[in-house]
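[1] Mind looking at a prediction? Sequence and model below.
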Amino acid sequence: MLIIGLSGGVATGKSTVSGLFKEHGIPVIDADLVARQVVQPGLPAYNKLRQEFGGEYFDDENGGVLRRDRLGKLIFNNPAARKKLNSITHPAIRWEMLKLFIYHFFTSSSYIVFDTPLLFEVGYDKWMPSIAVWCDRDKELSRMMKRDNLSEEDALSRISAQMDIEEKKKRATYVLDNNGNLEQLNDKVMELMAQLDSSRMPQVIRMVFTFFVGLFGYFFLRKVRLL
Ligand SMILES: Nc1ncnc2c1ncn2[C@@H]1O[C@H](COP(=O)(O)OP(=O)(O)OP(=O)(O)O)[C@@H](O)[C@H]1O
């Protein structure tokens, strides 16, 4: 099974594209969603955060959910708090993702999409083929301003805080142009799916993986003298 990283610029249409993949039956692992799920009340990461940061960062009138905005403000200028937060959440996120990858490895026939906004910044594109979703700056601005009710200045500052989209396009295996309407975007996603379906890479990866698991199993059983 092949993992394809999905990323792009801010408000260029990543979630819309990942929604289209899902509509067409392709499994999507959404990194943001996993990050939100692991801090749901009662889970181990949630309990550790509560212990570490105290009740003021949790909305007890609404089921005790994490106040992400408040914690976000705390860590903004506080590297020690950021480090603590990451040391609690990152292992939980990695573990959840690993479980999802293993599940899809055995249940999906060809490829899965890994939707993560920081794919290129973190460098995951070195390990997997990647898709960069992009659109022109004026479209990016107007879509973001409309969706998030932002001023042009705020929208621009969000864009400039990110890696340049041209750099992402250069590094991506596939580039998805989202300058058209939603119907045109759907057509492009379907074209890309046809391209990915025709690739033999998922079968090759599965065969190589199965070979090594078999080899490991053989030597393990010999070592414990069962063969
Ligand atoms: N082709 C399109 N035509 C019109 N509107 C679009 C198109 N693609 C996306 N949009 C709209 O643009 C906005 C941004 O799209 P989306 O939320 O998918 O972007 P994103 O890259 O996931 O955003 P973020 O970087 O904030 O996570 C949304 O309101 C979406 O409905």
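    That came through fine. Quick caveat, the model's predicted, so the values are computed rather than measured. Numbers count the residues shown, from 1 in each chain.

[2] I'd like to know which residues of this structure are adjacent to the ligand.
    Residues of the chain lying close to the ligand (C-beta under 6 Å from any ligand atom) are 8, 10-16, 117, 143, 147, 178, 180-182, 185. C-beta: built from backbone N, CA, C; applies to glycine.

[3] and the residue positioned nearest the centre of the chain, how far is that from residue 61?
    Here the mean C-alpha position of the chain is nearest to the C-alpha of residue 116 (C-alpha atoms, centre = their mean), at a distance of 2.4 Å. Remark: distance between residue 116 and residue 61 (C-beta to C-beta, to the nearest Å) = 32 Å.

[4] what do you get for residue 170?
    Here residue 170 is placed at a distance of 48 Å from residue 61 (C-beta to C-beta).

[5] In this structure, which strand is the longest?
    Counting residues, the longest strand in the chain under DSSP state E turns out to be strand 2-8.

[6] just checking, next helix/strand downstream of that one?
    Downstream of strand 2-8, the next assigned helix or strand under DSSP states H and E is helix 14-23.

[7] Alpha carbons of that next one, as PDB, please.
    Backbone C-alpha positions of helix 14-23 (Å, rounded to 0.1, in the frame of the first residue of the first chain) are rendered in PDB as follows:
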ATOM      1  CA  LYS A  14      -6.500  20.800   0.800                       C
ATOM      2  CA  SER A  15      -9.500  19.900   2.900                       C
ATOM      3  CA  THR A  16     -11.800  20.100  -0.200                       C
ATOM      4  CA  VAL A  17      -9.400  17.800  -2.100                       C
ATOM      5  CA  SER A  18      -9.200  15.400   0.800                       C
ATOM      6  CA  GLY A  19     -13.000  15.400   1.000                       C
ATOM      7  CA  LEU A  20     -13.100  14.500  -2.700                       C
ATOM      8  CA  PHE A  21     -10.700  11.600  -2.200                       C
ATOM      9  CA  LYS A  22     -12.900  10.300   0.600                       C
ATOM     10  CA  GLU A  23     -16.100  10.700  -1.500                       C
END
